[in-house]
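**Q** Build the 3D model from these lines:
(one chain, ligands or ions: 2)
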Amino acid sequence: MVMIKVAVNGYGTIGKRVADAVSAQPDMEIVGVSKTKPSAEALIAGKKGYPLYIADISKKADFEKNGIPVAGSVEEMVQTADIVVDATPGGIGAKNRQLYEKYGKMAIWQGGEDHDIAGFSFSSSCNFDEAKGKKFARVVSCNTTGLCRIIKLADDAFGVEKVRATMVRRGADPGDAKRGPVDAIVLNPVTIPSHHGPDLQTVLPEINIVTTALVVPTTFMHMHILQMDLKETGDRDKILEMIKDHPRIGLIKGFTGIKSTAELKEYASDLGRPRSDLWESCVFEDSVSIVEGKELYLFQAIHQEADVVVENVDCIRAMAGENITAAESIALTDRSMNFEAI
Ligand SMILES: NC(=O)C1=CN([C@@H]2O[C@H](COP(=O)(O)OP(=O)(O)OC[C@H]3O[C@@H](n4cnc5c(N)ncnc54)[C@H](OP(=O)(O)O)[C@@H]3O)[C@@H](O)[C@H]2O)C=CC1
Ligand SMILES: O=C(OP(=O)(O)O)[C@H](O)COP(=O)(O)O
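**A** Ligands and ions are numbered 1, 2, ... in the order given. Presented below is the predicted three-dimensional model:
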């Protein structure tokens, strides 16, 4: 088996998870990860054995005086890779495109960048095959990934006439002490639609969708309030069966008593998931309702730090790996991470 050499440019919330997920795959290896400054994450990268490269090589001494070995510059890291996963903060990734082009390397960006950065946006459940042969791709954002999975499922079963969805977004990631809100519900944005609907259409262009979004003072997971008008009369049992069979959508059963993101975090932790990560979308079974035949309603929780991680792994494999199907890649990714949707 040919090993795909992967570099992760930006070893932060998403990048560190992608590095661990890639390391768990039998057909991929991490050749480097990057930071801009010495920090706890930089220390951990070294402890995990990931060669650490830095954006500004003139800062090498700052790292080394703190006992963090530096393998070289980001430019050198890019040269060692077959493909780069760019997980730098939104807006920075666009500036790196030239570097990847200079060395003829494939690259994958995250949802903080615009679709135009790659001209192709990816969701494992929707357009895996379209990534084959692509030089550049962008994995859609965490919320859009969650929307893609469930809307594709409903569209395949009954056809989707239109979608109306509200994203209740977490204020900051758990480790992000600087962000808020602390005591507010913030309309984000106040204008309608939010970016999620147009973003979904970069993957599923035929879907009629309007999304709204607001931010609340929590750190773990977003919550979606989702309504879809179906083309054909819906069947709740069939939808539940399809969700149970979906490798990346979990069904939260009523008997568990779980009705909140806090309880989901406890569940993920009790399952022994690394970092309490929920790579699957979490649909609340009791919320799945068909009204007047063709209106489907449900709540789903999305772990913002995790769901895109497995998608990045599939995207790497589609672009740089052997010719396999979406189902085969998803199964391999998940099995290698001991991940079975709840
Ligand atoms: N967090 C989330 O919930 C999600 C984020 N995304 C998207 O993923 C991307 C990354 O976000 P996230 O992981 O949260 O960001 P973080 O800020 O947690 O991590 C970004 C990392 O990039 C490093 N970095 C910054 N500038 C450079 C540079 N010029 N060269 C190399 N590395 C650099 C930082 O290192 P240092 O600390 O040393 O400066 C940091 O480790 C964004 O596009 C975001 O929108 C997508 C889904 C969910
Ligand atoms: O991709 C995300 O959200 P999004 O799907 O709402 O764009 C992540 O939660 C990052 O969001 P942030 O831009 O609030 O850090």
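
**Q** tell me the mean pLDDT over stretch 120-127?
**A** Here stretch 120-127 scores 98 as its mean pLDDT.

**Q** Please apply the same query to stretch 132-147.
**A** For stretch 132-147, the per-residue pLDDT averages 98.

**Q** Just the terminal-to-terminal distance for it.
**A** 23 Å (C-alpha to C-alpha, to the nearest Å).

**Q** And ligand 2, is that stretch touching that?
**A** Yes. Interface with ligand 2: stretch 132-147 contributes 141-144 (C-beta under 6 Å from any ligand atom). C-betas here are computed from N, CA, C, even on glycine.

**Q** Among the residues you listed, name the ones in helices.
**A** 142-144 (DSSP state H).

**Q** Any idea how far stretch 63-82 is from the middle of the chain?
**A** 25 Å (C-alpha atoms, centre = their mean, to the nearest Å).

**Q** Same question for stretch 309-326.
**A** Centre-to-centre, stretch 309-326 and its host chain are 14 Å apart (C-alpha atoms, centre = their mean).

**Q** Now it: buried residues?
**A** By 16 or more other C-beta atoms under 10 Å, the buried positions in stretch 309-326 come out as 309-321, 324, 326.

**Q** From the residues of stretch 132-147 next to ligand 2, pick the one nearest ligand 1.
**A** residue 142 (3.8 Å; C-beta to the nearest ligand atom).

**Q** So what's the residue count around the closest one?
**A** When neighbours are counted by other C-beta atoms under 10 Å, residue 142 registers 27.

**Q** do residue 101 as well
**A** 12.

**Q** Secondary structure element holding it?
**A** helix 92-102 (DSSP states H and E).

**Q** re the thing from before, which pair in the residues of stretch 132-147 next to ligand 2 spans the largest distance?
**A** Using C-beta to C-beta, the residues of stretch 132-147 next to ligand 2 span at most 7.4 Å, a distance reached by 142 and 144.

**Q** list the residues that contact both of the two?
**A** Contact with both residue 142 and residue 144 is made by residues residue 111, according to C-beta atoms under 8 Å, 6 or more residues apart in numbering.

**Q** Quick check: residue 109 touching residue 93?
**A** Yes. Judged on C-beta atoms under 8 Å, residue 109 makes contact with residue 93 at a distance of 4.6 Å.

**Q** More neighbours: these two, which one.
**A** residue 109 (30 against 25).

**Q** That one: what's it in contact with?
**A** Per C-beta under 8 Å, 6+ apart, neighbours of residue 109: 86, 93-94, 117-118, 136-139.

**Q** give me phi/psi at it?
**A** Backbone torsions for residue 109, taken as degrees, to the nearest 10, come to phi -100, psi 170.

**Q** Check what pLDDT it gets.
**A** For residue 109, pLDDT reads 98.

**Q** measure it to ligand 2 for me?
**A** 12 Å (C-beta to the nearest ligand atom, to the nearest Å).

**Q** Could you do residue 284 as well?
**A** Counting by C-beta to the nearest ligand atom - residue 284 and ligand 2 are separated by 19 Å.

**Q** and that residue, what is it in contact with?
**A** By C-beta under 8 Å, 6+ apart, the neighbours of residue 284 are 252, 258-259, 298-301.

**Q** State the pair within those residues that is farthest apart.
**A** Maximum distance among the contacts of residue 284 (C-beta to C-beta): 14.6 Å, for 258 and 298.

**Q** Mind jotting down where the helices sit in the stretch 101-250 of the chain?
**A** 124-127, 142-158, 196-201, 236-245 (DSSP state H, counting those that start in this stretch).
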